[in-house]
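# I need the structure of the sequence given here:
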Amino acid sequence: MKRSLWVLAAIVVLAGSNAMKAAGPDNQWLGVLWTKGAVSVGDARVSSGTTVLPGDVITTDHGASAWIRFRSPASTTMMADTQVTLLASNSAPSFLLRHGSIIVDEKVVDPVQISVPGGYVLVKGDPQTGAECEMASLDNGSTVSVKRGLAEIHGQGAPVILHPGQSGRVEASPEGGQPIAGKINKVIPQGEIHREGQPQELPLALNQAINWNDLVRTLQTGRAQITLLDGTTLNIGARSELKVIKHDAQAQQTELELTVGRLEANVQKITAPGGKFQLRSKSAVIGTIDTAFVATVDGDTTRVCGVEGTTLVQSSDPNIQKSVRLHRHECTVIMPGAPPTDPVLDPAEMADMLSQTAINGAEAAGAGAGAGAGGLILAGANIPWVWVGVGLGAATAGIVTGIVLSSPGTPSPASP
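Predicted coordinates:
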């Protein structure tokens with residue numbers, strides 16, 4: 001009898017182990033979808049209880065609604081005629097609001113991130129009171145209204161915090177502005193950002209927005225971690241220059257250029273047709289769809305080591321056809337006019353390169369720092385948002401909240 005019990009226990013353990021392997025990071029579910037009316041994930045009509053994954057595009061038809069219950073203590077209500085794309089995230093939910101209206105409710109430490117045309121919004125609460133934020137994305141901008149907690153808007157200007165009862169707007173295409181690509185998530189603030197159209201460099205600072213075509217330069221011992229809109233993180237080492245040429249989170253197309261220095265890239269899985277992640281240097285082109293790698297550019301020479309997954313490396317010379325695939329601990333060297341060298345197993349080299357891009361210690365300012373650390377302000381002359389304060393009158397407030405809640409007669413979504 002005891003022997004039978006031991007055998008049964010072993011089978012259960014092995015089955016659980018296999019199930020955990022099958023549900024690895026790439027297949028990790030984000031939450032459960034509850035529907036009322038016609039709701040689709042991708043091109044397929046779904047019903048309540050559907051599990052949603054990173055990369056899923058969820059759409060509610062006219063007169064329909066949906067409720068996403070995430071794995072973390074957060075949820076999102078989708079009103080009629082709304083579409084969102086779920087993004088991979090290690091902590092709180094992150095997604096794109098393509099069009100329509102949503103209500104975000106969260107009770108987690110890490111903020112929920114909602115990307116919209118022209119920027120993104122962080123919804124913050126606490127375990128006791130949580131947060132509730134209403135958002136609507138229209139043709140040329142998005143409105144944000146806070147009921148509980150805080151909403152931190154990142155657009156073309158400095159970050160702005162909304163408190164309960166306040167509303168704001170982020171423009172999709174501010175005059176002369178470039179699309180936003182992400183923000184500085186951690187930093188040792190010794191460096192600058194060169195931005196097209198700006199006569200002076202911007203200081204390298206926590207929560208600073210990063211736009212398309214921004215050149216991020218670290219000086220002396222300065223380092224920075226950029227979090228792109230799709231959740232990809234870029235760790236920039238000291239005395240390095242990285243240009244963010246393009247980051248289209250919806251199309252999952254990213255193009256970067258490392259002129260000098262070191263970069264570690266942790267790339268979110270690409271599922272969109274035509275999606276790509278590409279880092280260029282003077283001598284190399286590095287591509288991947290779901291991996292982590294570290295690269296060093298010294299003069300005309302580029303060295304690349306694989307950290308996780310598979311990384312494709314080839315020469316920047318289109319006449320050189322040879323390419324190599326790097327796996328964990330494998331490294332290659334690329335010089336101008338020559339193909340990449342065959343991969344060599346060199347875990348010590350990879351670890352050394354990673355250590356030169358890591359951001360640790362008391363000098364670093366992290367995303368968990370208070371509002372003062374990031375220089376957050378409530379209003380400013382050059383901020384491209386239209387403000388609606390608590391005391392501006394019911395008529396004005398109704399304009400913004402009316403847009404957010406413009407779905408009369410829409411039934412509440414089904415709940416579990």
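# count residues in the vicinity of Q113, would you?
Using other C-beta atoms under 10 Å, Q113 is surrounded by 23 other residues. C-beta coordinates here come from the backbone N, C-alpha and C atoms, glycine included.
# identify the bridge partners of the residue lying closest to it once chain neighbours are set aside.
Once flanking residues are discounted, Q113 sits nearest to S94: 4.3 Å by C-beta to C-beta, 6 or more residues apart in numbering. Residues in a beta bridge with S94, per DSSP bridges, are L87, Q113.
# where's S94 relative to S115, distance?
The gap separating S94 from S115 is 8 Å, by C-beta to C-beta, to the nearest Å.
# can you work out which residues contact both of the two?
Common contacts of S94 and S115 (C-beta atoms under 8 Å, 6 or more residues apart in numbering): L87.
# just checking, I103 touches V123?
No - look at I103 against V123 with C-beta atoms under 8 Å: they stay out of range, at 10.3 Å.
# hey, what's in contact with both of those two?
C133.
# among those two, which residue is more densely surrounded?
The neighbour comparison of I103 against V123 (other C-beta under 10 Å) goes to V123, with 29 against 18.
# could you look up the SS state of that one?
Assigned by DSSP: H, G, I helix; E, B strand; the rest coil, the conformation of V123 is strand.
# identify the residue spatially nearest to T77, adjacent ones excluded.
I103 (4.3 Å).
# show me what the helix or strand the one you found falls within packs onto, helices and strands only.
For I103, the enclosing helix or strand under DSSP states H and E is strand 94-106. Here strand 94-106 touches strand 74-78, strand 82-87, strand 112-116, strand 119-124, strand 131-137, going by 3 or more C-beta pairs under 8 Å, 6 or more residues apart in numbering; DSSP states H and E.
# got a markdown table for these, with mean pLDDT too?
Output for these, formatted as a markdown table (pLDDT from 0 to 100):
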| stretch | mean pLDDT |
| --- | --- |
| strand 74-78 | 94 |
| strand 82-87 | 87 |
| strand 112-116 | 85 |
| strand 119-124 | 86 |
| strand 131-137 | 92 |
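# a markdown table for those strands, including distance to V344?
Converted to a markdown table, these look like this (distance: least, C-beta to C-beta, whole Å):
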| stretch | distance to V344 |
| --- | --- |
| strand 74-78 | 45 |
| strand 82-87 | 35 |
| strand 112-116 | 39 |
| strand 119-124 | 40 |
| strand 131-137 | 48 |
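# which of those strands sits closest to I58?
Nearest to I58 among those is strand 82-87 (5.4 Å), distances taken as C-beta to C-beta.
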